[in-house]
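3D, please:
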Amino acid sequence: MKRRDFLAASALFSLLAPSSALAANKKKAATPTPAAAKPAAKGASKANTGKASPKATATKSSGRASAKRGGRHSYRPVVETPAPPPAAAASPPPAALEPRNAISLPDEPLPQWRTYDITSSITLNHVKGKVRVWLPLAQYKDTLWQRSLGHGWRGNFDSAGIYRDPVAEMEVFYADWKDGAATPQLQLVSQVAKQDRHFDITRRGSIAERGEVLRRCLQSTNLVPTDGLVRRTAERAIGRIKDPVAQGKAIYDWVVENTVYESSQGGIGRGDVEAMLDSGQLSGKSADIALLFVGLCRSIGIPARPVFGLRVDSSRLFSGLGATGNLRVQQHCRAEFYTPGYGWIPVDPADVRKAIQDERLGSGDAKLVVLRKLLFGFWEMNWIAYNAAQDVKLHGASGGPLPFLVLPQAEAAGARFDSTDTHRCSYLVNAIRVDG
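Residues are numbered from 1 along each chain as shown. This is a model prediction of the structure:
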């Protein structure tokens, strides 16, 4: 997206915002705080709060020990020395400033980070035998738009910890209860810093992705094939377009125009791309729509991947694209594709379709025109990314692989269920902004 197009889109959404929200934003701009500009510096501690210190990981501990500490979280810094957060861009000297006139574009806004404590609480009922629970964690690799600052946990488990799948670039928390445990309980707190993610087509020179990652993002999976009807559909969508960025945009437009967001389905969908195309019923939730985009890209040689995560705050665009309160059913899947020179380009076709349904937007509605352009190359900061893993094999699980991991999973006596099973699993999750 061109810089001018993005700024025009931002201006239109500002006009659409309520006057009270605009007044609040102006007041905040008048008195900026250091916390709003960037997350807490890595290595700094928060005394007497029980919160995670930045870039800290809780050590493996038992539920009994946690209870003796009065519920305080235990942390141990990781071995590697984290890189300092990027400093705010310095203002150019007065001589370098361009003269302002009626058609000059405003300066790019400085990075605006938000930090959240995300608390997940799980209680299991009517379970027998040995029990294990898995929860996906925020992406552990720092990016320009997200940083995982630490985790802590407590409960009546017998053992707990975090394992990392380096191939899938995924971290997962697990907890175990021995046979005979009464009402297994767990609370996990993660701290994550976020900011908006933008793609600017006028800027090139991104760091090239590793070859093994790109090869993995071209492979077919159990639910996302890359041949047959999938490839033929992608070829029709791109026509004679050769430029990879333009091809990705053509596939994005095709998905937006031909899919339907199905709010009556549970979870985030199944992601069975082949079944969707075979039936001709291109309806589903965010995983279905995002994985359709991913499959079409991969089929013509464009590396692409879904990114599974959780909405943690309200949206500045439309209310239906955000979430507050109990976030137990606010999982959401976005996508990204790779092009040389630009790197990974973020897209969110599912939220375009969701806004169309929620707001009853017509094809010629000005709001839809802007949103459709905006969500090709933009991710709002009100969502945290977990992972991009597909065909996930859970460590220590007796059952088979999952198509993806976005919901808490549990096994009791070898039988697996997830957090949507409200008879056996009480699951609450909320996010609190802690940077002011």
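
In the stretch 101-250 of the chain, mark out all the strands, start to finish.
Counting by DSSP state E, counting those that start in this stretch, the stretch 101-250 of the chain has strands at residues 114-124, 131-136, 146-155, 159-165, 170-177, 185-194, 197-198.

What helix or strand is the most centrally placed residue in the chain located in?
Note on the chain: the residue nearest the mean C-alpha position is Ala385, at 2.5 Å, using Cα atoms, centre = their mean. Using DSSP states H and E, Ala385 maps to strand 383-387.

related to what we said a few turns ago, and the residue lying closest to the residue nearest to the centre of the chain once chain neighbours are set aside, which of the three is it?
Excluding its sequence neighbours, the residue lying closest to Ala385 (Cβ to Cβ, 6 or more residues apart in numbering) is Gly309, at 4.3 Å. All C-beta atoms are positioned from the backbone trio N, CA, C, and that covers glycine. At Gly309, secondary structure determined by DSSP: H, G, I helix; E, B strand; the rest coil is strand.

correct me, but Gly309 touches Gln331?
Yes. Taking Cβ atoms under 8 Å as the definition, Gly309 is a contact partner of Gln331 at 7.2 Å.

give the contact list for the closest residue in space to Ser314 that isn't next to it in sequence.
Residue nearest to Ser314 in three dimensions, not counting chain neighbours: Gly322, with 3.9 Å by Cβ to Cβ, 6+ apart. Going by Cβ atoms under 8 Å, 6 or more residues apart in numbering, Gly322 touches 311, 313-315, 380, 382.

What are the neighbouring residues in contact with Val255?
Counted by Cβ under 8 Å, 6+ apart, Val255 has contacts 289, 292-293, 296, 349.

Next step: these restricted to helices.
Among the contacts of Val255, the members falling in helices (DSSP state H) are 289, 292-293, 296, 349.

where does the chain have low pLDDT?
Residues of the chain meeting the criterion pLDDT under 70: 1-111, 436.

again, only using 80
1-111, 205, 265-266, 436 (pLDDT under 80).

Domains in it, by residue range?
51-75+112-195+391-433, 204-380 (automatic domain parsing).

Strands of the stretch 301-436 of the chain, residue ranges please.
Counting by DSSP E, counting those that start in this stretch, the strands of the stretch 301-436 of the chain are 304-311, 331-339, 343-347, 378-379, 383-387, 409-412, 415-418, 425-433.

any chance of those in TSV, plus distance to Ile118?
Conversion of the strands of the stretch 301-436 of the chain to TSV gives the following (distance: least, Cβ to Cβ, whole Å):
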stretch	distance to Ile118
strand 304-311	8
strand 331-339	13
strand 343-347	21
strand 378-379	17
strand 383-387	7
strand 409-412	18
strand 415-418	18
strand 425-433	5
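
just so I know, which of those lies nearest Thr115?
strand 425-433 (7.0 Å; Cβ to Cβ).

I'd like to know which elements that closest one is packed against.
Secondary-structure packing of strand 425-433 (3 or more Cβ pairs under 8 Å, 6 or more residues apart in numbering; DSSP states H and E): strand 114-124.

how close does the residue lying closest to Ser315 once chain neighbours are set aside get to Leu149?
Spatial nearest neighbour of Ser315, excluding adjacent residues (Cβ to Cβ, 6+ apart): Gly322 at 3.2 Å. For Gly322, the distance to Leu149 (Cβ to Cβ, to the nearest Å) stands at 22 Å.

just the helices in the chain please.
Taking DSSP H as the criterion, the chain carries its helices at 3-16, 19-30, 34-37, 63-68, 211-216, 229-238, 244-258, 273-279, 286-299, 349-359, 366-374.

what's across from His198 in the sheet?
When bridges are called by DSSP bridges, His198 pairs up with Phe378.

How many neighbouring residues does it have?
Counted with other Cβ atoms under 10 Å, residues neighbouring His198 total 18.

go on, the one 5 residues further on?
Taking other Cβ under 10 Å as the neighbour definition, Arg203 ends up with a count of 11.

Lys242 now?
A count of nearby residues for Lys242, using other Cβ under 10 Å, gives 8.

Could you do the one 4 residues further on as well?
Per other Cβ under 10 Å, the neighbour tally for Ala246 reads 12.

and if you look at Asp421?
So Asp421, with other Cβ under 10 Å, has 13 neighbours.

quick one: it and Met276, what's the gap?
25 Å.

residues in contact with Thr226?
218-220, 295, 298-299.

From the structure, what's the count of residues near the nearest residue to Ala355 once chain neighbours are set aside?
In space, and not counting its chain neighbours, Ala355 is closest to Phe318: 5.0 Å by Cβ to Cβ, 6+ apart. Other residues within reach of Phe318, judged by other Cβ under 10 Å, total 17.

Phe318 and Phe376, how far apart?
17 Å.

go on, Gly364?
Distance from Gly364 to Phe376, by Cβ to Cβ: 18 Å.
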